[in-house]
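Asker: my questions concern the predicted model and sequence given below.
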Amino acid sequence: MIAITEWQKIGVGITGFGIFFILFGVFLYFDSVLLAFGNLLFLTGLSLIIGLRRMFFFFFQRHKLKGTGFFLGGVVIVLLRWPLLGMFLETYGFFRLFKGFFPVAFGFLGNAFNIPFLSALFQRLQGTSSMV
């Protein structure tokens with residue numbers, strides 16, 4: 001089992017608050033203050049979870065520089081109070097950075113039918129979508 005330090009637990013909480021503020025800022029028609037606060041909390045929490053050195057090595061790998069530029073450029077644009085453009089740049093950078101992770105996530109979701117609670121939920125949803 002992996003040991004989780006207290007700093008990593010705090011980082012998970014801060015990252016969660018960051019995601020909450022980003023979503024809340026999007027729901028409130030791209031409120032620039034909430035988005036900027038969410039971005040800062042998200043990046044701070046991420047650095048506490050994985051550490052500054054690993055975060056630096058993740059973002060500045062040679063094949064991820066374009067995604068990093070768009071993501072961090074979007075953060076700067078949001079901080080400069082251009083929230084819509086900044087969020088578009090961040091979203092594009094996010095997909096560029098994590099494009100190698102998506103097949104793993106979709107593979108996990110494909111195996112979600114084997115999880116007892118989710119399989120019952122999916123079966124129930126499949127039964128109600130019938131048009132006959």
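Answerer: Happy to help now that I have it.
Asker: what number of residues lie near Thr5?
Answerer: 10 (other Cβ atoms under 10 Å). For glycine as for every other residue, the C-beta is placed from the backbone atoms N, C-alpha and C.
Asker: and for Arg81?
Answerer: 11.
Asker: one more: Gly38?
Answerer: When counting by other Cβ under 10 Å, one arrives at 22 neighbours for Gly38.
Asker: so it sits against Gly25, correct?
Answerer: Yes. Counting by Cβ atoms under 8 Å, Gly38 does reach Gly25; the two are 5.8 Å apart.
Asker: and Gly73, how far from Phe17?
Answerer: 23 Å (Cβ to Cβ, to the nearest Å).
Asker: what packs against the helix or strand where Trp7 lies?
Answerer: In this structure, Trp7 sits in helix 6-27 according to DSSP states H and E. Counting contacts by 3 or more Cβ pairs under 8 Å, 6 or more residues apart in numbering; DSSP states H and E, helix 6-27 packs against helix 32-50.
Asker: and the helix it packs on, what other elements does it pack with?
Answerer: Going by 3+ Cβ pairs under 8 Å, 6+ apart, helix 32-50 lies up against helix 6-27, helix 52-59, helix 65-79, helix 83-97.
Asker: relative to helix 65-79, how tilted is it?
Answerer: Angle, helix 32-50 to helix 65-79, by axes from the mean of the first three to the mean of the last three Cα atoms, to 10 degrees: 140 degrees.
Asker: which stretches of this structure aren't confidently modelled?
Answerer: In the predicted model of the chain, residues 106-107, 109-110, 112-113, 118-119, 122-123, 125-132 satisfy pLDDT under 70.
Asker: now do 80
Answerer: Along the chain, segments meeting pLDDT under 80 span 1, 102-132.
Asker: which non-adjacent residue is nearest the most centrally placed residue in the chain?
Answerer: Centroid-nearest residue in the chain: Ile19, 7.2 Å away (criterion: Cα atoms, centre = their mean). Leaving aside its chain neighbours, Ile19 sits nearest to Phe42 (6.3 Å; criterion: Cβ to Cβ, 6 or more residues apart in numbering).
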